[in-house]
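In: for reference, the sequence and a predicted model appear below.
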Amino acid sequence: MFLTCADSRIVPNVITASGPGDLFTVRNIGNLVPDPRSCDDLSVHAGVQYAVEHLAVPAVMVCGHSGCGAMTALLGGPADDPIGQWLRWGEPSLAALRAGHPLAAHAAADGRSEVDQLAMVNVAVQLEALRRLPVVERSGVQLVGLFFDIPSGTLLMLDEAGERFDPLPGRSTVLAAP
């Protein structure tokens, strides 16, 4: 399963070099996983449950990306509109960034913008949200964090400690740079 942002620059089959039918993809603004205890929109949870229980996927991947508009909006402050209401599910990511999440420190040391730092932290925070879902807890499905750097076409994977993104072994660039 591939959970990613609705941004049209993210083309899951291209960045994962997968074919038709290889990925069960769920997309939303900011690749967010709402808290099921306080959310009426259970579409993400239904997608995860279907992928795990009915498709028996071996892994659920959360993929963030550079220059994310949702992360830009989160940094800009709350908005009282439907987008702002949806982005409240990203507030734990913003809080983690401001609290000094180690992923943000590594991203800053690599020269990444604040938006990209937040996008990377967001991947880690959404993985934690997935870990708390009963279907994920029961299944033992592997959770994987990814970050796609749009300008370079590089796909990065979150390390085991959840502290930094590194190029995928043997395959750091998946697309030719524009």
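Out: That came through, no problem.
In: excluding residues flanking it in the chain, which one is nearest residue 61?
Out: residue 144 (4.4 Å; CB to CB, 6 or more residues apart in numbering). From N, CA and C alone the C-beta is placed, and that goes for glycine too.
In: would you agree the one you found is in contact with residue 59?
Out: Yes - Residue 144 lies in contact with residue 59 (CB atoms under 8 Å); the separation is 5.4 Å.
In: dump the lengthiest helix in the chain to PDB, restricted to CA.
Out: Looking across the chain with DSSP state H, the single longest helix is helix 114-131. Provided in PDB are the C-alpha atoms of helix 114-131 (Å, rounded to 0.1, in the frame of the first residue of the first chain):
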ATOM      1  CA  GLU A 114      11.600  24.300   6.700                       C
ATOM      2  CA  VAL A 115       8.800  23.000   4.400                       C
ATOM      3  CA  ASP A 116      10.800  19.900   3.500                       C
ATOM      4  CA  GLN A 117      11.900  19.400   7.100                       C
ATOM      5  CA  LEU A 118       8.200  19.400   8.100                       C
ATOM      6  CA  ALA A 119       7.300  17.100   5.200                       C
ATOM      7  CA  MET A 120      10.000  14.600   6.500                       C
ATOM      8  CA  VAL A 121       8.800  14.800  10.100                       C
ATOM      9  CA  ASN A 122       5.300  14.400   8.900                       C
ATOM     10  CA  VAL A 123       6.100  11.000   7.300                       C
ATOM     11  CA  ALA A 124       7.500   9.800  10.700                       C
ATOM     12  CA  VAL A 125       4.500  11.100  12.600                       C
ATOM     13  CA  GLN A 126       2.000   9.500  10.100                       C
ATOM     14  CA  LEU A 127       3.800   6.200  10.500                       C
ATOM     15  CA  GLU A 128       3.300   6.400  14.200                       C
ATOM     16  CA  ALA A 129      -0.400   7.100  13.600                       C
ATOM     17  CA  LEU A 130      -0.600   4.000  11.400                       C
ATOM     18  CA  ARG A 131       1.100   2.000  14.100                       C
END
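In: now that helix: average pLDDT?
Out: Throughout helix 114-131, pLDDT has a mean value of 97.
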